[in-house]
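Asker: Pasting the sequence and the predicted model now:
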Amino acid sequence: MTNPVGNRLFTLVEIPAVVGLLAMMVHTVANAFSRTVFGDPISGTLERVQYWYMPLVVLLGFVIAMHRGEHVWADMFFTRFPAAAKRYVAASASIVCAAVCILTVAYSFDHAQHNRDIELTAGLTDIAAWPLTYLVPITFALFAVQYVRLGWKQVHDKDIDDSGSTFAVSPESDQAADTEKAR
């Protein structure tokens, strides 16, 4: 059973991540070309990559990976519990992770507000760095929602395996579970 609304919403998350990755690649190659051929690099390339492209690609990439179930499962601890307790241990861990994400949202939003107030720039340049600091609370809010959904799924889903991969927050595809079982 797929969730078309959730998939469409996460397409909205994927688009800026892909655009950021492509822009970073084009900008970096153009800078290297300009430096090599003309002896004059594009000013602010390092700052734009560091303060704009990388946060966009990395933070949104984490959210996308969790949504697709393509993140790493560390199940050494999880496999030691009896089958009856696994779902509750996994759900409890998800709720703790959601709580940590919510605390991170509160802290990082306050930090982003401060960065906006002081008009944070990238290094010694005039390139504004403060707008992307709002991406941190947005990302961790999405993580919190994903972890709450994951906890709900862990308690109510009847299928359970030793790796915990059945509990991945993914668009209900069997491909992620098949990949985990093949490993």
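Answerer: The structure has been received and is ready for your questions. Numbering: from 1, shown residues only.

Asker: excluding its backbone neighbours, what's nearest A30?
Answerer: Nearest residue to A30 in three dimensions, chain neighbours excluded: I42, at 6.2 Å (Cβ to Cβ, 6 or more residues apart in numbering). For every residue, glycine as well, the C-beta is placed using N, CA and C.

Asker: Would you agree that neighbour falls within a helix?
Answerer: No: using DSSP: H, G, I helix; E, B strand; the rest coil, the assignment for I42 is coil, not a helix.

Asker: List the contacts of it.
Answerer: Counting by Cβ atoms under 8 Å, 6 or more residues apart in numbering, I42 touches H27, A30, N31, S34.

Asker: hmm, try it at 10 Å
Answerer: Taking Cβ atoms under 10 Å, 6 or more residues apart in numbering as the contact definition, I42 lies against H27, T28, A30, N31, A32, F33, S34, R35, R48.

Asker: so how far is H27 from it?
Answerer: The gap separating I42 from H27 is 7 Å, by Cβ to Cβ, to the nearest Å.

Asker: between those two, what contacts are shared?
Answerer: Common contact partners of I42 and H27 (Cβ under 10 Å, 6+ apart): R48.

Asker: average model confidence for stretch 51-64?
Answerer: When pLDDT is averaged along stretch 51-64, the result is 95.

Asker: Dump the C-alpha coordinates for that stretch into PDB.
Answerer: The C-alpha atoms that make up stretch 51-64 are tabulated as PDB, following Å, rounded to 0.1, in the frame of the first residue of the first chain:
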ATOM      1  CA  TYR A  51      27.200  27.700   3.300                       C
ATOM      2  CA  TRP A  52      24.600  27.100   0.600                       C
ATOM      3  CA  TYR A  53      25.000  24.000  -1.500                       C
ATOM      4  CA  MET A  54      26.400  21.500   1.100                       C
ATOM      5  CA  PRO A  55      23.700  22.200   3.800                       C
ATOM      6  CA  LEU A  56      21.000  21.900   1.200                       C
ATOM      7  CA  VAL A  57      22.300  18.600  -0.200                       C
ATOM      8  CA  VAL A  58      23.300  17.000   3.000                       C
ATOM      9  CA  LEU A  59      20.400  17.900   5.300                       C
ATOM     10  CA  LEU A  60      17.700  17.200   2.700                       C
ATOM     11  CA  GLY A  61      19.600  14.100   1.700                       C
ATOM     12  CA  PHE A  62      19.300  12.700   5.200                       C
ATOM     13  CA  VAL A  63      15.500  13.300   5.200                       C
ATOM     14  CA  ILE A  64      15.200  11.600   1.700                       C
END
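
Asker: All set, thanks.
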